[in-house]
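**Q** sequence first, predicted model second:
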Amino acid sequence: MFMVMEKLGNLSKGYLISLFFLVFFDFISKIIALNHLELLQKNDFLPFIDFLIVFNSGIAFSFLDFNNFLSRYLLLIIIFFVTLYFLKIFFDESNSLKKKSLILIIGGALGNLFDRIPDGVVTDFLHLKLFDYSFFVFNFADAYITIGAIIFIISELILLKSTNEPKN
């Protein structure tokens, strides 16, 4: 853990600013949602996204949402260590695209981690729906994690394909 803290000092300003912006934007969006939305009341926004505030004590898609003290804070501890692990991967990575994807993942993890600390729940307020079918409710931190993971997987596939191509 101390090695990660030491490496934080070596984090380039661009990545540090990006990380700060991601966490700050997620934090502010959750405060705005909490101050302007009523619990479980849908507010139309776009044809496929409503505003709908819910509190998630689990992780993605309410997985492990047992809504009890032990699971809430056990998840908090697990998320903290997973975030540290992603920081380690970030510092060990040399590929620029992967580093950017990892900053998205870390920013999302930190956004939800900070939101979870006071009461063990994460504020979700963006309700994805298509043709009146409800998919899930999420927040910007969740979107950062999802987009970062997609970019990371694509960059891994591109790297795998380039290493398997025969050289002429």
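**A** Arrived safely.

**Q** can you give me the helices for this protein?
**A** 2-8, 13-36, 69-92, 96-116, 140-164 (DSSP state H).

**Q** so for Asn43, which of those sits nearest?
**A** Ranking the helices of the chain by their distance to Asn43 (criterion: C-beta to C-beta) puts helix 13-36 first, at 8.8 Å. (Each C-beta comes from the backbone N, C-alpha and C, glycine too.)

**Q** the closest one: which residues count as buried?
**A** For helix 13-36, a neighbour-count test (16 or more other C-beta atoms under 10 Å) marks Tyr15, Ser18, Leu19, Leu22, Val23, Asp26, Phe27, Ser29, Lys30, Ala33 as buried.

**Q** ok, of the residues you listed, which one's closest to Thr123?
**A** When the buried residues of helix 13-36 are compared against Thr123 (criterion: C-beta to C-beta), the nearest one is Lys30, at 4.5 Å.

**Q** so where's the chain uncertain?
**A** 1-11, 59-70, 166-168 (pLDDT under 70).

**Q** try 90
**A** Regions of the chain meeting the criterion pLDDT under 90 cover residues 1-14, 16, 37-49, 54-78, 94, 119-121, 129-136, 158-168.

**Q** middle-most residue in it, spatially?
**A** Gly108 (2.5 Å; C-alpha atoms, centre = their mean).

**Q** measure that residue to Asp124 for me?
**A** 13 Å (C-beta to C-beta, to the nearest Å).

**Q** so what sits against both of the two?
**A** Common contacts of Gly108 and Asp124 (C-beta atoms under 8 Å, 6 or more residues apart in numbering): Asp142.

**Q** just to revisit the earlier point, among the helices of the chain, which comes closest to Leu46?
**A** helix 140-164 (14.0 Å).
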